[in-house]
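what shape does this take:
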Amino acid sequence: MCGIAGIYCSNANDYFLQKIYPFTHSLAHRGKDANHFFISPNIALGHQRLSIIDLSDNANQPMTSINGRYTIVYNGELFNYNDIKYYFSHKYPESFKQLRSYSDTEMILELFAIEGEAVFDKLDGMFSIAIWDQNEQSLVLARDPIGIKPLYFSKFDNYFCFASELKAFYEILPKTSVDDMAVAYYLHLGYIPHPFTILSQVNKFPAGHFAKVKSDKFELHQYHYFDVINNQNITYSQAREQVKQAIENAVKGALVSDVKIGVLLSGGIDSSLVASIAAKNQTNPITAFTIEQKDKNFNEGDYAKKIADFLDIEYMPLMVDYDFLTKNLENVLLKMDEPLADSSFLVTHAISHFASHYVKVALSGDGGDELFMGYGMYRWAKRLSNPVVSILKPFARAIFKNIPSHRFNRWGQFFDIKENLHSNIFSIENNYFTSWQLKDLLNQDFQLNFLNINIDDAILRQEWFDFTYYLPDDLLVKVDRASMANTLELRPPLLSTELADLAWSIPAKYKMHGNQLKIMLKDILSDYLPRELYDRPKKGFAIPLSNWCHNELKDNITTSLTNHQSPIYNFINYNFVNNLISNFYHENIEYLASRIWNLYILNYYLESHKL
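Numbers count the residues shown, from 1 in each chain. All right, here's what the predicted structure looks like:
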């Protein structure tokens, strides 16, 4: 895992290309084992290396191909490393014998030299790649199909620049300004969906695409599609066996490393499944890292320990409390890189920092909920698609809103949805601002637009929305920034491309039955663990946000959000926020904590970056 950066200029500008040094150094936390550059007329590439496979200098980057034509910078790891190695050695044995290392970087580079862009769809893993063609004077970029590894780009004047993190662009852009549309999306979702970023000058590179940059041309191509096949002809037992085998293949592939590996274990379904297969297949001892909290409503440490003991793997807990989070808050928020209202970033950063003292690589269970229906949102998608519910909406709305319960009042919002069904289901479920509430919150009106989802099944449509937006633009951003800020590589084997393709091919009824969520993964996990160790309500790495906002964080919040001069009020309505704060602190409407946190994070980011 690494940090990559590059500057392309169609008209050679030696002075501007020298900016590659601060541009790359801003990513130093992503890899501290090596730091190298490639500078040639029209191009400058930089690389911060975290050595995982082939620790020798032969695997350092930027790396130039044997024929001298191509130079690569690459951030990522392959889950099918051994398959690519086998494919290369058998199809091109003479070229394979010439390799100077056994790194995945060089195999990708030399296969690209032979096959061109066709190589990208052969790679199963997490990656962002940039390859310079010296002969054509062109640059090729590519990102993995799901968007596990980040890639940002900016085009201005005669320059095209790219980097692994948004923060790098503050070192190179002649000016920065806030994208008003990104603010609207952030308030609605708690994250900024692609292609937007908080900066109007920078975009997120789309997952599953490659682009060719030459002169002033930017040609974007999609190389991998996830088809929602919803195959009704496959039996449950057949689908279960195929999914189980794909998960085992992915976890085994994610264990390929020349350094020690751990696993982040929350005690939930996904991380327990990954830990179980890893423990079974790892030749060296594996360590499970988890968060323990004093608040028993959020603590899964006891369950995680029982699972680790059952698997006979080392268990290392980190105790986290309000004081711990508050003490480290400002330092951690600066590492967020872009506004992100997902409060679990804090504990993900804490456990990554803790684990990084013992391992360089850790496996995580990310992706199971989005591929196998693990969220309550899917229940609401099912309910709201019922024709009877549609008829009874006005009555249900009135009933829920007149019950003297904040929880029922919140549920009543589901029956107010008239547009942007999937994003509003997500927004209400996570206690953010609905599309109609944005009209009162923002100083100007915005129309939210998302990709059309041409899927018949209502539950699958919601799952597709989460997979397309929530997963790459919130969860994977959180995991990447929290782990790489601590120079730790986190690998999510449940996001193997092979497994994702398979998950989208099986019927929704094998993932969710009635109101029971994630039934197939729970069933598969029973092959490895007794059900009493994991069959319980979902928690994950979360924090008691409402209690924290009422106590330790209250002064920070009120100071930030009651100040008329706060930068957030360049975009949103002060009176709306003031009323929100009053309802939270005086009326004790607990679910508003997520909205308060959403606003606090945005304001902190704008202040910190003087935007």
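
so for stretch 599-611, mean pLDDT?
Stretch 599-611 carries an average pLDDT of 95.

what's next to the helix or strand containing residue 115, contact-wise?
Element membership for residue 115 (DSSP states H and E) is helix 104-115. In this structure, residues lying in contact with helix 104-115 by Cβ atoms under 8 Å, 6 or more residues apart in numbering are 53, 59, 61, 63, 65-67, 69-70, 72, 74, 76-78, 81, 84-85, 88, 92, 95, 98-100, 119, 122-123, 129, 131, 140. Heads up, the C-betas are built off the backbone N, CA and C, glycines and all.

what are the buried residues along that helix?
Across helix 104-115, burial judged by 16 or more other Cβ atoms under 10 Å covers 104, 105, 106, 107, 108, 109, 110, 111, 112, 113.

possible to save these as CSV with pLDDT?
Formatted as CSV, those follow (pLDDT from 0 to 100):
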residue, pLDDT
104, 94
105, 95
106, 96
107, 96
108, 97
109, 97
110, 97
111, 98
112, 98
113, 97
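
what sits up against the lowest-mean-pLDDT helix or strand in the chain?
Among the helices and strands of the chain, helix 406-411 carries the lowest confidence by mean pLDDT, DSSP states H and E, at a mean of 74. Residues outside helix 406-411 that contact it (Cβ under 8 Å, 6+ apart): 400, 401, 403, 428, 431, 589, 590, 591.

can you list the buried residues in it?
Neighbour count says helix 406-411 has 410, 411 buried, by 16+ other Cβ under 10 Å.

likewise stretch 321-334?
So stretch 321-334, judged by 16+ other Cβ under 10 Å, has buried residues 321, 322, 325, 329, 332, 333.

average pLDDT across that stretch?
On average, stretch 321-334 scores 82.

endpoints of it, how far apart?
20 Å (Cα to Cα, to the nearest Å).

how far does the least confident helix or strand of the chain sit from the chain's center?
29 Å (Cα atoms, centre = their mean, to the nearest Å).

helix, strand, or coil at the residue positioned nearest the centre of the chain?
Among the residues of the chain, residue 476 comes closest to the average C-alpha position under Cα atoms, centre = their mean, at 0.9 Å. For residue 476, the secondary-structure state derived from DSSP: H, G, I helix; E, B strand; the rest coil is helix.

whichever helix or strand comes after the helix holding residue 115 packs against which elements?
Per DSSP H and E, helix 104-115 leads on to strand 125-133 as the next helix or strand towards the C-terminus. Counting contacts by 3 or more Cβ pairs under 8 Å, 6 or more residues apart in numbering; DSSP states H and E, strand 125-133 packs against strand 2-9, strand 43-49, strand 70-78, helix 104-115, strand 138-143.

of those, which is nearest residue 291?
strand 70-78 (24.4 Å; Cβ to Cβ).

what's the average pLDDT for that closest one?
Rounded mean pLDDT across strand 70-78 is 96.

also stretch 231-242?
Mean predicted confidence for stretch 231-242 is 92.

ok, now stretch 254-273?
92.

residue ranges with poor pLDDT in the stretch 351-500 of the chain?
404-406 (pLDDT under 70).

give me the number of residues near residue 94?
6 (other Cβ atoms under 10 Å).

quick one: it is in a helix?
Yes. Counting by three-state DSSP, residue 94 falls inside a helix.

per-residue pLDDT, it?
The model's pLDDT for residue 94 equals 94.

all strands of the stretch 301-450 of the chain, in order?
314-320, 361-363 (DSSP state E, counting those that start in this stretch).

can you put those in JSON lines and add distance to residue 449 and mean neighbour count?
What follows is these, written out as JSON lines (distance: least, Cβ to Cβ, whole Å; neighbours: other Cβ atoms under 10 Å):
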{"stretch": "strand 314-320", "distance to residue 449": "38", "mean neighbour count": "17"}
{"stretch": "strand 361-363", "distance to residue 449": "36", "mean neighbour count": "26"}
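
how about those strands, which one is nearest residue 199?
strand 361-363 (30.5 Å).

who does that closest one pair with, and is each partner parallel or antiparallel?
strand 261-264 (parallel), strand 489-491 (parallel) (DSSP bridges).

quick check: buried residues in the shortest one?
This means strand 489-491. 489, 490, 491.

can you add distance to residue 378 and give these back as TSV?
Formatted as TSV, the buried residues of strand 489-491 follow (distance: Cβ to Cβ, whole Å):
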residue	distance to residue 378
489	31
490	26
491	26
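
of the residues you listed, closest to residue 513?
residue 491 (30.3 Å).

now the closest one. Nearest residue, chain neighbours left out?
residue 254 (4.5 Å; Cβ to Cβ, 6 or more residues apart in numbering).

hmm, that neighbour is touching residue 363, no?
Yes. Counting by Cβ atoms under 8 Å, residue 254 does reach residue 363; the two are 5.7 Å apart.

who touches the longest helix that the chain contains?
The longest helix of the chain (DSSP state H) is helix 236-254. Counting contacts by Cβ under 8 Å, 6+ apart, the residues outside helix 236-254 that touch it are 77-83, 124-125, 273-274, 277-278, 281, 363, 491, 493-494, 496, 498-499, 502-503, 506-507, 510, 520, 523-524, 527.
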